[in-house]
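Colleague: Sharing a sequence plus its predicted fold:
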Amino acid sequence: MTVMELNDDGSFTGSFQDSDMGVRGEGYPKGTVYKSDFSGKFSQPEQLGQFVYSAQLEYLNLDGTPGDEYIEDGTRYIYSEAYGFDDAGTFLFYLPGCPLKEVDEAFLSWVRINSSAVPPGVYGIYNVGGMMGFCGADREDAWIKEFVYNFSDCRSTLILSYSSVSELIFLPESGAAVISLSFDWKDDGRETFSAEDFRGTGEYNIDLDIGEDFRSVTVTVESLSGQSLEAWGGTPDGRLCAEYKMEN
C-alpha cells in the first residue's frame, strides 16, 4: 500500500511498501520487501466545480534510487518508485459530498465507497495521468480508532473508521502484512461483516464484540478458504478469536 500525509500548503510525505515473502535467497530467508519513501508538493488548487478541484504535481523526491537494494535482519529491501504517482501531472481532488456521478470511473476502481457520494470526512485524490486513486480523511473530522493484538512475535491490527474503510491486518514476525482485510463498519449495532483479502487468500467472515468503554474489541475471524492463522494463535484451517486492545 501507499500512505500519504498531505499538508495545508500542498506539500506531502509518504511511503510505499509491498512484500513477497516467497522470494528468498542466501542472506534473506525472510523474503523480499519493496519500499519507497518520498516527499513532494502540489500546486495551488483550482476549483472546477462545487466538490472538485485540480492541482499539478510540482515535484516528487524519492529517498533512495529505484532498483538499489540492501539486506537487513534477514530481509532483502529493494527501493522502488512511489506507487500511485505513475505518469503524474494533473491531480483531481474530490471533497466530501461529491456525487459519484462527478467522479472519474477509474478513481472508483481504487477505492471502496458504498454510497451515492463521497462520505463525510473523506477526500479523494486522483492521479489523472496514471489513472490511480487515493482515499483519505481529515485528521480533525475522521473518527478512527486502532486496536492491536500480539501473539508471540506476530501482530494483528484492527482499524475501525466511521468515515472510510475499516481494516483487519495480520503481520508476521517481520516484513509487510500477509493478510489485509477491508470492510465497511458503521457504529449501527451490526457485528458481523464479510471481507476479501486483497493479497489473494480469499474471503473471510469477521465478528466484532466491542467493549462498552471502546477500549477493547473481541474479534472472531474465519477464513472461508482455510488460510492458516496459526502464526497468530489461531487454527490451521483459519479460525481465530482474540481480544484486541486500543493503542495508547
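Modeller: Everything's here; your move.
Colleague: So which residues of this protein form helices?
Modeller: Secondary structure of the chain (DSSP state H): helices located at 105-108.
Colleague: residue farthest from the centroid of it?
Modeller: Computed with C-alpha atoms, centre = their mean, the residue of the chain farthest from its C-alpha average is residue 26, at 30.8 Å.
Colleague: now that one: how far from residue 77?
Modeller: 16 Å (C-beta to C-beta, to the nearest Å). No exception for glycine: its C-beta is placed from N, CA and C like everyone else's.
Colleague: Over to residue 245?
Modeller: 30 Å.
Colleague: When these two are compared, which one has more neighbours?
Modeller: residue 77 (20 against 14; other C-beta atoms under 10 Å).
Colleague: check contacts around that one.
Modeller: Shown in contact with residue 77 (C-beta atoms under 8 Å, 6 or more residues apart in numbering): 32, 33, 34, 35, 69, 70, 71.
Colleague: just to revisit the earlier point, report pLDDT for the residue farthest from the centre of the chain.
Modeller: Here the pLDDT value assigned to residue 26 is 84.
Colleague: just to revisit the earlier point, Produce a PyMOL select command limited to the buried residues of the contacts of residue 77.
Modeller: Filtering the contacts of residue 77 down to the buried ones (16 or more other C-beta atoms under 10 Å) takes a single PyMOL command:
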select buried, resi 32+33+34+35
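Colleague: Among the contacts of residue 77, which ones are in strands?
Modeller: 32, 33, 34, 35, 69, 70, 71 (DSSP state E).
Colleague: dump the residue contacts of the first one.
Modeller: Shown here is residue 32, whose contacts under the criterion C-beta under 8 Å, 6+ apart are 19, 20, 21, 23, 24, 75, 76, 77, 78.
Colleague: Quickly list what it is bridged to.
Modeller: residue 20, residue 76 (DSSP bridges).
Colleague: and the gap between it and residue 66?
Modeller: Counting by C-beta to C-beta, the gap from residue 32 to residue 66 is 14 Å.
Colleague: Could you do the third one as well?
Modeller: Relative to residue 66, residue 34 is positioned 10 Å away (C-beta to C-beta).
Colleague: Could you pull out the residues contacting both of those two?
Modeller: residue 80.
Colleague: if I look at the most centrally placed residue in the chain, how far off is residue 165?
Modeller: Taking C-alpha atoms, centre = their mean, the centroid of the chain lies closest to residue 1, which sits 5.6 Å from it. According to C-beta to C-beta, residue 1 and residue 165 sit 12 Å apart.
Colleague: likewise residue 208?
Modeller: Plainly put, residue 208 is 15 Å away from residue 165 if you go by C-beta to C-beta.
Colleague: and the two? which has more neighbours close in?
Modeller: For the pair residue 208 and residue 165, the greater number of neighbours falls to residue 208 (21 against 18), based on other C-beta under 10 Å.
Colleague: Bridged to the more buried one, which residues?
Modeller: Note on residue 208: beta-bridge partners by DSSP bridges are residue 219.
Colleague: Pull the contacting residues for it.
Modeller: Counting by C-beta under 8 Å, 6+ apart, residue 208 touches 185, 191, 192, 193, 217, 218, 219.
Colleague: Can you check the pLDDT for it?
Modeller: The model's pLDDT for residue 208 equals 95.
Colleague: ok, residue 221 - how many residues close by?
Modeller: Using other C-beta under 10 Å: residue 221 sits among 25 other residues.
Colleague: what's the answer for the one 10 residues further on, then?
Modeller: The burial metric for residue 231, expressed as a neighbour count using other C-beta under 10 Å, is 17.
Colleague: I'd say it and residue 156 touch.
Modeller: No. Applying C-beta atoms under 8 Å as the test, residue 231 and residue 156 come out as separate, 9.7 Å apart.
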